[in-house]
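*Asks:* Build me a model from this:
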Amino acid sequence: MNPKDHLFVVEDLHVSIEGKEIVKGVSLGIERGEKVALMGPNGSGKSSLAGAIMGHPLYHITSGRVWLEGEDITELPVDEKARRGLFLAFQYPVAIPGVSVANFLRSAVNARRGAEIPIREFRSELLSAMKALEVDTSFAGRYLNDGFSGGEKKRIEILQMAMLKPVVALLDETDSGLDIDALRVVSDGVNRAAGAETGCLVVTHYQRLLNYIKPDSVHVLMDGRIVRQGGPELALELEERGYEWIEREVLGARA
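*Replies:* I've put the predicted structure just below:
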């Protein structure tokens, strides 16, 4: 695979935390409009992979590359990756007291576009996105994630995605802590925000999210390595059988 011929490529990525290798040579690619699911049990390295790709300082990339639209972005700082269109929706979004949702989003949109968006235009886009995602307009004036429920935090994350229009979105366990109604709304928002131009890496434990966000392919991560790849049917098999059967096969192959 020539990474310059694809929208997004992770190439033989190795990631360590405090000297311990967590991700052990992961490679995958995503094209425009494609949704790739990354599944695996707790502790397999899924969130570490997403964090390292985005540039979280806790995760140290020891080898391998990350490519976005033909550019090697591996060593770029987080803000530069975001400006180029890489987006990460956190498993546990943090609160920022004192900064309103509207002000936060306007600053982010200005940085992403590289120009000051007129207030009237921004307000129109924000209200339209909030309506589509079933986010009450009163949230625009509230401090970011301060006192929000788990579902509200996730909706605001997807609102950010809708406003920023990323090239590639990394969705780190977006279904975590959501009831079935919130899951449906957030998933609909992801599908709407992604559209035909955005590639998505959907990190999840469970098939239930993939009932709403239909993946084009499924990768299974265990012990920092991708050990299985397949279509949507692989996620259904994992829902039915769990991960132990793959663990047995992987351990048997290494014995």
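
*Asks:* isn't there a strand covering residue 13?
*Replies:* Yes. The assignment for residue 13 by DSSP: H, G, I helix; E, B strand; the rest coil puts it in a strand.

*Asks:* Confirm for me that it is in contact with residue 62.
*Replies:* No. When contacts are counted by Cβ atoms under 8 Å, residue 13 is not listed as touching residue 62 (9.0 Å). Every residue, glycine included, has its C-beta placed from N, CA and C.

*Asks:* Between these two, which is the more surrounded one?
*Replies:* Regarding residue 13 and residue 62, a neighbour count based on other Cβ atoms under 10 Å identifies residue 13 as having more, with 22 against 13.

*Asks:* who are the neighbours in contact with that one?
*Replies:* Shown in contact with residue 13 (Cβ atoms under 8 Å, 6 or more residues apart in numbering): 23, 25, 26, 27, 49, 52, 53, 61, 63, 64, 65, 66.

*Asks:* Which ones among those lie within strands?
*Replies:* For these, membership in strands holds for 23, 25, 26, 27, 61, 63, 64, 65, 66, with DSSP state E as the criterion.

*Asks:* With pLDDT added, can I get those residues in CSV?
*Replies:* Output for the ones in strands among the contacts of residue 13, formatted as CSV (pLDDT from 0 to 100):
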residue, pLDDT
23, 97
25, 97
26, 97
27, 96
61, 97
63, 97
64, 97
65, 97
66, 98
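
*Asks:* Need the buried ones from those selected in PyMOL.
*Replies:* Command for PyMOL, covering only those of the ones in strands among the contacts of residue 13 found buried under the criterion 16 or more other Cβ atoms under 10 Å:
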select buried, resi 23+26+61+64+65+66
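
*Asks:* Dump the ones in strands among the contacts of residue 13 into JSON lines; add distance to residue 119 as well.
*Replies:* What follows is the ones in strands among the contacts of residue 13, written out as JSON lines (distance: Cβ to Cβ, whole Å):
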{"residue": "23", "distance to residue 119": "42"}
{"residue": "25", "distance to residue 119": "48"}
{"residue": "26", "distance to residue 119": "42"}
{"residue": "27", "distance to residue 119": "44"}
{"residue": "61", "distance to residue 119": "39"}
{"residue": "63", "distance to residue 119": "46"}
{"residue": "64", "distance to residue 119": "42"}
{"residue": "65", "distance to residue 119": "40"}
{"residue": "66", "distance to residue 119": "35"}
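
*Asks:* Pick the one among the ones in strands among the contacts of residue 13 closest to residue 169.
*Replies:* Minimum separation from residue 169 among these (Cβ to Cβ) is found for residue 66, which lies at 14.5 Å.

*Asks:* The closest one pairs with what?
*Replies:* Beta-bridge pairing of residue 66, defined through DSSP bridges, involves residue 10.

*Asks:* Could I get the full set of strands for the chain?
*Replies:* For the chain, the strands defined by DSSP E cover 8-17, 20-30, 35-39, 60-68, 71-72, 86-89, 96-100, 143-144, 168-172, 199-204, 217-222, 225-230.

*Asks:* could those strands be laid out in JSON lines, adding distance to residue 152?
*Replies:* Written out in JSON lines, the entries for the strands of the chain read as follows (distance: least, Cβ to Cβ, whole Å):
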{"stretch": "strand 8-17", "distance to residue 152": "29"}
{"stretch": "strand 20-30", "distance to residue 152": "28"}
{"stretch": "strand 35-39", "distance to residue 152": "24"}
{"stretch": "strand 60-68", "distance to residue 152": "30"}
{"stretch": "strand 71-72", "distance to residue 152": "35"}
{"stretch": "strand 86-89", "distance to residue 152": "14"}
{"stretch": "strand 96-100", "distance to residue 152": "14"}
{"stretch": "strand 143-144", "distance to residue 152": "11"}
{"stretch": "strand 168-172", "distance to residue 152": "17"}
{"stretch": "strand 199-204", "distance to residue 152": "20"}
{"stretch": "strand 217-222", "distance to residue 152": "29"}
{"stretch": "strand 225-230", "distance to residue 152": "33"}
